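In: sequence? don't have it. structure:
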């Protein structure tokens, strides 16, 4: 499943884009869950989730399942949560980045065949926590000048493992001139 990741960047300014990669159907919490809870009440699951898989909620809490959750289940049995999860909070399964080859492409328009520039793991992309699907794309100030003007650009992140390409994130980049560089 492709997630949206939108951000702003200034020309001539470095930017670190922090991304959390998740996949699968949304998990919706049906009641407040306090930190330390070992069960999370949810709307009926739209897909099964295996034991030891992780679910990242939008508030940043990651819950690790300690038993399988079947299709239609209304609760998740998890290791103690490290934070509160509010009713109606949504989450998705963490996409494990262990051993993955990734590429981030930046384009003027979504249908442009050629990227303005690209990054790969070790060359602009750092996997911060593979098991939790966390990475950073680092754009230097010099690289930010490759955006040829202010406006909206597109970016996408791909899993390029074994020659197969799977989109993970698609989003917009709003490029602006730094306030000190705005035309007079």
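Out: On my side now, so go ahead. The structure displayed is predicted, hence computed values, not measured ones.

In: need the longest strand for this structure.
Out: Identified as the longest strand of the chain according to DSSP state E is strand 166-177.

In: pLDDT on it, on average?
Out: For strand 166-177, mean pLDDT rounds to 85.

In: mind checking how far that strand is from the chain centre?
Out: Offset of strand 166-177 from its chain centre (Cα atoms, centre = their mean, to the nearest Å): 12 Å.

In: relative to it, what are the paired strands and their orientations?
Out: If you go by DSSP bridges, strand 166-177 pairs up with strand 3-4 (parallel), strand 7-11 (parallel), strand 151-159 (antiparallel).

In: which one of the ones you listed is the most hemmed in?
Out: strand 151-159 (a mean of 18; mean count of other Cβ atoms under 10 Å). Yep, even glycine has a C-beta here, placed from its N, CA and C like the rest.

In: looking only at pLDDT, what's the mean for it?
Out: 89.

In: show me the contact partners of that strand.
Out: 5, 19, 21, 100-110, 112, 116, 137, 147, 165-175 (Cβ atoms under 8 Å, 6 or more residues apart in numbering).

In: again, but for stretch 130-141
Out: 9, 12-22, 54, 56, 62, 94-100, 102, 104, 119, 124-128, 157.

In: what do you get if the cut-off is 7 Å, keeping everything else the same?
Out: Contacting residues not belonging to stretch 130-141 are listed as 9, 12-22, 54, 56, 62, 94-98, 104, 119, 124-128 [Cβ atoms under 7 Å, 6 or more residues apart in numbering].
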